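Novice: Need the 3D shape of this:
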Amino acid sequence: MSNTTPLPTIDPTAYIRTFVPLAVGALLGWLVTTYTAVGSLIAWLDTALATLMPGVNLLELLQIAAVALVTAAYYWGARQLGRKWPAVERWLLGSAATPTYTLPPAR
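Specialist: Okay, here's the model as predicted:
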């Protein structure tokens, strides 16, 4: 049995507006967890909890969570600024155009 549901056509803008915040968020998250008090706190927690959860690398889990949080905050902030100043959104997200998603005509 095959799936005959047509796949949506994705505007290339969607890729730009997805990967620009991911790249910036990953960089900022790495900087925050490496060079700030947040990084020191994460390292301390990892050491403190190592005896409670052997084999679990809490450091990596917390760094991943920090990167995700920073990425989400960056995207949200860029969208909020873009409501007032679209040029800022274009600069922060790589495009001010909202992506469109359309289904091809049914067969």
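Novice: Can you check which helix is longest in the chain?
Specialist: In the chain, taking DSSP state H as the definition, the longest helix is helix 58-84.
Novice: Now do the buried residues in it.
Specialist: Neighbour-count burial for helix 58-84, counted by 16 or more other C-beta atoms under 10 Å, picks out 58-59, 62-63, 66-67, 70-71, 74-75, 78, 81-82. C-beta: built from backbone N, CA, C; applies to glycine.
Novice: Name the nearest of those relative to residue 50.
Specialist: residue 58 (7.4 Å; C-beta to C-beta).
Novice: got a pLDDT number for the closest one?
Specialist: At residue 58, the model reports a pLDDT of 73.
Novice: Provide a list of residue ranges in the chain with pLDDT below threshold.
Specialist: 1-7, 56, 106-107 (pLDDT under 70).
Novice: Now do the strands in the protein.
Specialist: Along the chain, the segments classed as strands by DSSP state E run 9-10, 101-102.
Novice: What's the separation between residue 102 and residue 31?
Specialist: Taking C-beta to C-beta, to the nearest Å as the measure, residue 102 falls 38 Å from residue 31.
Novice: Between the two, which is the more surrounded one?
Specialist: residue 31 (13 against 10; other C-beta atoms under 10 Å).
Novice: so residue 26 makes contact with residue 68?
Specialist: No: with contacts defined as C-beta atoms under 8 Å, residue 26 does not count as touching residue 68, sitting 9.5 Å away.
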